[in-house]
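Q: Output the structure for:
(one chain, ligands or ions: 1)
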Amino acid sequence: EAGKPIVISTWAPNAKANAAAWKVLAANGSALDACEQGVWVPEADPNDTSVGYGGYPDRDGRVTVDACVMDENGNCGAVMCLEHILHPVSVARKVMEKTPHVQLVGAGALQFALSQGFEKVNLLTPESEKAWKNWLKTSKYDPMITVEERTQKSKKMLNHDTIGMVALDGKGNLSGACSTSGMAFKMAGRVGDSPIIGAGLFVDNEVGAASCTGVGEEIVKICGAHVIVEMMRNGLSPEEACKKACERIIKRNGLEKSKNLQAGFVAVNKAGEVGGYSVAAGFNYAVHDANGARIIDAKHVL
Ligand code: SD4
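A: Residues are numbered from 1 along each chain as shown. Take a look at the predicted model:
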C-alpha cells in the first residue's frame, strides 16, 4: 500500500534520524521503535546544538533536556528539565512503560533514569560552553533567532534543529517522539512545547500524528500538535492542518509581533500523507518512505 510505512521529521539535518527510523520501519518494526531510534541520532550528535549532547545550556550554563513519546494506543511519557542523560527520549518511553505517570521533571526524572540503568553523562560540549560564555557578554535572550535567514545574519544557528518525528508503520500504526534541549540560554527551569503532549507532539491512531519546532511558548498557547490532529480528523490534509496552526499563532500575536517568531509543524495522517508548514520562511522537513529520502522546504504563512 502506497504511503506506508513513512516517517517525517522537523528540519533537514534530521534526514539522518529518518534514515535510522527507516531501518526499523523497513524491517516491519513499530512506529514507536522507529521514532525512538530515529531521535537517538540528534540526541547523540554534538553538532546539533538544540538537542541532547552538545545542546546549548540554559543561562546558568546547565544543559537541560525535554522529550516525549506517544504510541498508537494513546499511551505517552515525558521528561522535562532533565540533566545528564544522553537519550531523554528513551527515559520518556520508560516513564510511559514503567510508571503510572506521564511526566517526570528535574531531579525526579534524573532519579528515575538512573534507577532504570541510564548513565550519568556530561551533555555540555566545549563548543556549547564557549557559545554560552560568549552569550554571557550580552546576556540578551533572543528567542527570535529561529529562521535560517535571520541566523545567517547572526552567523549562528541558535534555536534550530529540535527533532519532532512522527511515523506510520507497516501495520498502519502511528507513533511519535520529540526531543530538545530547548531554547538556547533559557531561564533555569524553563520548559517549552516539546515534552508537552498535545503541544510538541500528539498522536491519534484513528486520524494522524503531528509534531513541531520553534518558539515553544507560542506552540503551547495553541496546543499546536493536538489542534493539527483534530483538524485532520475534520478532513483537512496534513499540510492544510499545519497551515491552520500557523495562522492561529499569527492571529494571537498580530502581524507585527509574528514577524519575529518562528514555529514549524509536521504531520502525517492514517493514509500516509505527510505535510508541514511554518509561520516564517526558513523551515524545512525531512521525509523517508519506500521512494527514498527527501527534504522539503515548507510553505510559510508570512
Ligand atoms: C522549545 N520548541 O523548547 C523548542 C525549541 C525548538 O528548534 O524547537 N528549537 O521551545
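
Q: need the next SSE after the host helix or strand of V39, C-terminal direction.
A: Using DSSP states H and E, V39 sits within helix 31-44. As assigned by DSSP H and E, the chain's next helix or strand after helix 31-44 is strand 65-70.

Q: Buried by neighbour count: which residues of the helix holding V39 qualify?
A: 31-43 (16 or more other Cβ atoms under 10 Å). Glycine gets a C-beta too; all of them are placed from N, C-alpha and C.

Q: Just list the residues touching the residue in the stretch 201-302 of the chain that the ligand sits nearest to, thanks.
A: The nearest approach of the stretch 201-302 of the chain to the ligand comes at G216, 2.3 Å away (Cβ to the nearest ligand atom). Taking Cβ atoms under 8 Å, 6 or more residues apart in numbering, we find G216 in contact with G182, M183, V191, G192, D193, S194, A199, G200.

Q: can you tell me which residues contact the closest residue to A26 other than its chain neighbours?
A: Once flanking residues are discounted, A26 sits nearest to P5: 7.4 Å by Cβ to Cβ, 6 or more residues apart in numbering. When contacts are counted by Cβ under 8 Å, 6+ apart, P5 touches L25, A26, A31, A34, A167, L168, D169, G170, G272, D289, A290.

Q: per-residue pLDDT, the second one?
A: Same thing as A26. Note on A26: pLDDT of 98.

Q: got it, and the last one?
A: Reported pLDDT at A290 in the predicted model: 96.

Q: Against L168, how distant is it?
A: According to Cβ to Cβ, to the nearest Å, A290 and L168 sit 12 Å apart.

Q: more neighbours, those two?
A: Between A290 and L168, counted using other Cβ atoms under 10 Å, L168 has the larger neighbour count: 30 against 13.

Q: Show me what that one bridges to in the sheet.
A: In this entry, L168 is beta-bridged to I6, L174, by DSSP bridges.

Q: same check, this time on the one 10 residues further on
A: Counting by DSSP bridges, C178 forms beta bridges with C68, G164.

Q: What of N284?
A: D297.

Q: give me every residue that touches it.
A: By Cβ under 8 Å, 6+ apart, the contact set of N284 is W11, A12, I295, I296, D297, A298.

Q: buried stuff in stretch 229-239?
A: Neighbour-count burial for stretch 229-239 flags V229, E230, M231, M232, L236, S237, P238, E239 (criterion: 16+ other Cβ under 10 Å).
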